[in-house]
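1. Just to be clear, the model below is a prediction. Sequence and coordinates:
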Amino acid sequence: MNEHESLEKGGAMSETSIRRAAEAAAPLQDFSTCHIGFVTLLEDSLGLPEMVVTAARARGCAADVLKMFRDRLLVHHDDEERDLFPAVLQVAASGEEAERAQAMVTQLIREHREIAQLWKKLEPAVQAIANGDLPQLDSALLQEMVRRFNEHVRMEEVEFLPFAQLVLARQAEDMAALGLALHRRHEADEIMATAVVYGAS
């Protein structure tokens, strides 16, 4: 065998060796890739306890919101429309005071209806969260309902209730406290305590 043939043979053996080495390394590369996936997923699993807590808070908050609407808030609105608003309209002096009373009552009732309609759209998703499911919850719609309700409460607290107390005080002493008594009939303090639990804490 001359030198040229020897070099060719050596070259061929070298290429074969390289190919075999690559083939042998391929399974090792596969195992290495699997290890990366295993490590990544297990690292992610370290967040599971926090996720469980967050999911539990979501279920609890959703259940409390459902109970608040069904047992207290909508009933509270009905109380106002059945008892408080008619009493103020009946006692208000004719003229400017009666017109102001009617305008405020009309606005508040309209807001009651709007809040109830927004809640009706949100209720199925909130119920699903309370059941432990993960539905799509319309964040913009939820924010809109909260904004509308906050504005409604401010209008009642700042304008209507002080006005109602002044009007009803002329009718009888026990009527002067009717507005606040009705406003707090359904444990407003309990509702606020729930809001603190599920707030920014």
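-> Noted; the coordinates are in hand. Numbering: from 1, shown residues only.

2. Going by C-alpha atoms from here, please, whenever you check contacts or count neighbours.
-> Will do.

3. All the helices of this structure, residue numbers only.
-> Counting by DSSP state H, the chain has helices at residues 3-45, 48-67, 74-79, 85-91, 96-130, 139-155, 161-169, 178-183, 188-197.

4. which one of the ones you listed has the lowest average pLDDT?
-> For these, mean pLDDT drops lowest on helix 188-197, to a mean of 51.

5. and the protein, what are its domains?
-> 1-46, 62-197 (automatic domain parsing).

6. and Asn131, what is it in contact with?
-> Arg59 (Cα atoms under 8 Å, 6 or more residues apart in numbering).

7. Ramachandran coordinates for it?
-> phi -80, psi 0 (degrees, to the nearest 10).

8. Could you measure from it over to Cys61?
-> According to Cα to Cα, to the nearest Å, Asn131 and Cys61 sit 11 Å apart.

9. Thr54 too?
-> The separation that Thr54 has from Cys61, given Cα to Cα, amounts to 10 Å.

10. Between these two, point out the one with more neighbours.
-> Comparing Thr54 with Cys61 by other Cα atoms under 10 Å, the one with more neighbours is Cys61, at 20 against 12.

11. which parts of stretch 99-109 are buried?
-> Residues of stretch 99-109 classed as buried by neighbour count (16 or more other Cα atoms under 10 Å): Ala101, Gln102, Met104, Val105, Leu108, Ile109.

12. contact partners of it?
-> Stretch 99-109 has contacts (Cα under 8 Å, 6+ apart) with Glu81, Phe85, Val88, Leu89, Ala92, His152, Glu156, Phe160.

13. And for stretch 139-157?
-> Leu108, Glu111, Ile115, Leu118, Trp119, Leu122.

14. The last one against Gln136, yeah?
-> The one in question is Leu122. No - in terms of Cα atoms under 8 Å, Leu122 does not count as a neighbour of Gln136; the distance is 10.2 Å.

15. So for the two, which residue has more residues nearby?
-> Neighbour count, other Cα under 10 Å: between Leu122 and Gln136, Leu122 has more, with 17 against 10.

16. need the contact list for that one.
-> Contact analysis of Leu122 by Cα under 8 Å, 6+ apart lists Leu137, Asp138, Leu141, Leu142.

17. mind running it again at 7 Å?
-> With contact set as Cα atoms under 7 Å, 6 or more residues apart in numbering, Leu122 has no partners.

18. ok, so what distance separates Gln102 from Val52?
-> On the measure of Cα to Cα, Gln102 and Val52 end up 50 Å apart.

19. correction: Val126
-> When Val126 is compared with Val52 (using Cα to Cα), they lie 18 Å apart.

20. repeat for Glu80
-> From Glu80 to Val52 the distance is 40 Å (Cα to Cα).

21. So for the two, which sits in the more crowded spot?
-> Using other Cα under 10 Å as the criterion, Glu80 and Val52 rank with Glu80 on top: 19 against 11.

22. Quick check: pLDDT value at the more buried one.
-> So Glu80 comes in at 91 (pLDDT).

23. likewise the one 4 residues further on?
-> Reading off the confidence values, Leu84 has pLDDT 90.

24. what about it, neighbour count?
-> So Leu84, with other Cα under 10 Å, has 23 neighbours.
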